[in-house]
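> based on what follows, work out the 3D shape:
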Amino acid sequence: MDSVCDFQRFVIETQENKLRLDVYLAMVTPYTRSYIKLLIDKGHVTVNGKNEKAGRALKSGDIVDVNVPADRECDLQPENIPLDILYEDDSIAVINKPRGMVIHPGGGVYSGTLVNALLYRLGSLSTINGVIRPGIVHRLDKDTTGVMVVAKNDAAHLSLSSQIAQRTVVKKYVALLEGNLPEDKGNVTTYIDRNPKDRKLMSVCDSGRIAITDYEVLKRYKNNCLVSFIIHTGRTHQIRVHAKYLGHPVVGDASYGYKKQRFNLSGQLLHSKYLQFTHPVNGLRMEFEAPLPEDFRKILNLLDANESV
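Below is the predicted model:
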């Protein structure tokens, strides 16, 4: 039997009823339809523990497991990369992720990731998400900064994953947007799916996975607004896609934002500021905040001095 490099588990939601297995996996994984079909045909995909055909219609509550065979991405090495650890105990660690750091290997990136750094600094990590994603319970985009939690053992991982699935984890973000939102607060609820023209990107679609985002304007400037976001689902690029959908993309977002940028930035000004969850062992409610990174603070200071309204 092939060794497993990457394991992913998905629980089918109500709005995903009747989707074909291969269509669903094309929506929620970065793999092509042809590679997904190959995985299914070779028995690397199961539904409720059984091998199924690519055209199998999914039902709410189905559990889909994907086991990607090992390749060279699995040869992970611990690397002495600086990490800002906000909290650590025997079960979890809370990290303030810097801009430019990829969470785990993939897409041609095999070193310099958060996983490489975690292997060096923490050693023991959960194994539930496979060899290339040890400890990873949730993710932040490469150029999104801020607070995130990692699991040091499988029991902690299962607890945190369950809390995320039940939407009891509170995630608050801060972003600087282009222009000014017309309303001071609101909600965006849409479907998000992979962009048919570019599978590396996501887009608001008529079908896909439900994405729910609350927002509130914290401060307005002449040409921008500082906005707080709370996400109730964890879709890929969710805030960035919803900001674009609102007509006010995140400043510095090369994928979803304006082609011509006012500021010389290395990535989007989107920061995971606050995280609240229940500790997987002692049951205590825990909350953490990460300060804005220096480049974000500098832009806000510049706007405060010249463009406050």
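> and the helices in the stretch 1-150 of the chain, which stretches?
Listed in chain order, the helices of the stretch 1-150 of the chain (DSSP state H, counting those that start in this stretch) span residues 21-28, 33-41, 114-121.
> in a markdown table: those helices, plus mean neighbour count and distance to P196.
Backbone N, C-alpha and C define where each C-beta goes, glycine included. Shown next, in a markdown table, are the helices of the stretch 1-150 of the chain (neighbours: other C-beta atoms under 10 Å; distance: least, C-beta to C-beta, whole Å):
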| stretch | mean neighbour count | distance to P196 |
| --- | --- | --- |
| helix 21-28 | 20 | 10 |
| helix 33-41 | 16 | 12 |
| helix 114-121 | 21 | 30 |
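> nearest to A165, of the ones you listed?
Among the helices of the stretch 1-150 of the chain, the nearest to A165 by C-beta to C-beta is helix 21-28 (13.8 Å).
> just the C-alphas of that closest one, formatted as CSV.
What follows is helix 21-28, C-alpha atoms only, in CSV (Å, rounded to 0.1, in the frame of the first residue of the first chain):
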residue,chain,number,x,y,z
LEU,A,21,-17.9,13.3,-5.7
ASP,A,22,-15.4,14.5,-8.3
VAL,A,23,-17.1,17.9,-8.7
TYR,A,24,-17.1,18.5,-5.0
LEU,A,25,-13.4,17.6,-4.6
ALA,A,26,-12.6,19.9,-7.4
MET,A,27,-14.3,22.7,-5.4
VAL,A,28,-12.6,22.1,-2.1
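> helices or strands up against that helix?
helix 33-41, strand 45-47, strand 63-69, strand 185-195 (3 or more C-beta pairs under 8 Å, 6 or more residues apart in numbering; DSSP states H and E).
> note down every partner strand of the second one and its orientation.
It refers to strand 45-47. When pairs are called by DSSP bridges, strand 45-47 turns out to pair with strand 50-51 (antiparallel), strand 63-69 (antiparallel).
> distance between it and the chain's centre?
From the chain centre to the centre of strand 45-47 is a distance of 23 Å (C-alpha atoms, centre = their mean, to the nearest Å).
> on that earlier part again, how about the helices of the stretch 1-150 of the chain in a markdown table, adding mean pLDDT and distance to L303?
Converted to a markdown table, these look like this (pLDDT from 0 to 100; distance: least, C-beta to C-beta, whole Å):
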| stretch | mean pLDDT | distance to L303 |
| --- | --- | --- |
| helix 21-28 | 87 | 37 |
| helix 33-41 | 86 | 44 |
| helix 114-121 | 94 | 30 |
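> same list (these) but as a markdown table, adding distance to R262.
Shown next, in a markdown table, are these (distance: least, C-beta to C-beta, whole Å):
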| stretch | distance to R262 |
| --- | --- |
| helix 21-28 | 34 |
| helix 33-41 | 39 |
| helix 114-121 | 30 |
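> of those helices, which is nearest I192?
Of all the helices of the stretch 1-150 of the chain, helix 21-28 comes closest under C-beta to C-beta, at 9.0 Å.
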